[in-house]
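Visitor: Let me see the structure of the following:
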Amino acid sequence: MKDEPPRRVAVTSPRTRAVRRPPGRQTLRALHEQDVVGELLIRSLMRAQLLLGLRIALVFGSLLGGLPLLFALVPAARDTQVLGLDLPWLLLGLLVYPALVAGGWLYVRLAERNERDFVDLVERP
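Guide: Here you go, the predicted structure:
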């Protein structure tokens, strides 16, 4: 007889039929029952969302609030014309609105990222 190659053996865990719990079961229960852990998790999400909103408001508030300050401190900027329009009217009338839309879009995107991170934290086993 010829030498036959060794037979393959499949090694499996004895717990393959064990009941698997959904991930984050304890954390979800803590959120549902609003115990100390659940309250801390919710507070952390609220704090992250509040800080995000304050940062966005600070950045865009200082940009928009800085325009009148610029025009007050630099009189030449008030008298500058671009395409036949005064620079203050051009900036305040045309460029402010796209900046506000961009700020809103950025806030929503970052807030959704915070919420995804929170869900990942809660569903982590």
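Visitor: Regarding Asp3, what is its secondary structure?
Guide: On the three-state scheme (DSSP: H, G, I helix; E, B strand; the rest coil), Asp3 is labelled coil.
Visitor: do you know how far it is from Val9?
Guide: Computed as Cβ to Cβ, to the nearest Å, the Asp3 to Val9 distance reads 18 Å. C-betas here are computed from N, CA, C, even on glycine.
Visitor: for Asp79, same thing?
Guide: As judged by Cβ to Cβ, Asp79 and Val9 stand 88 Å apart.
Visitor: and the two? which has more neighbours close in?
Guide: When neighbours are counted by other Cβ atoms under 10 Å, Asp79 and Val9 differ, and Asp79 comes out ahead with 11 against 5.
Visitor: ok, the residue nearest to the more buried one when sequence neighbours are not counted - contacts?
Guide: Spatial nearest neighbour of Asp79, chain neighbours left out: Asp86 (7.6 Å); criterion: Cβ to Cβ, 6 or more residues apart in numbering. Neighbouring residues of Asp86 by Cβ atoms under 8 Å, 6 or more residues apart in numbering: Arg78, Asp79, Thr80.
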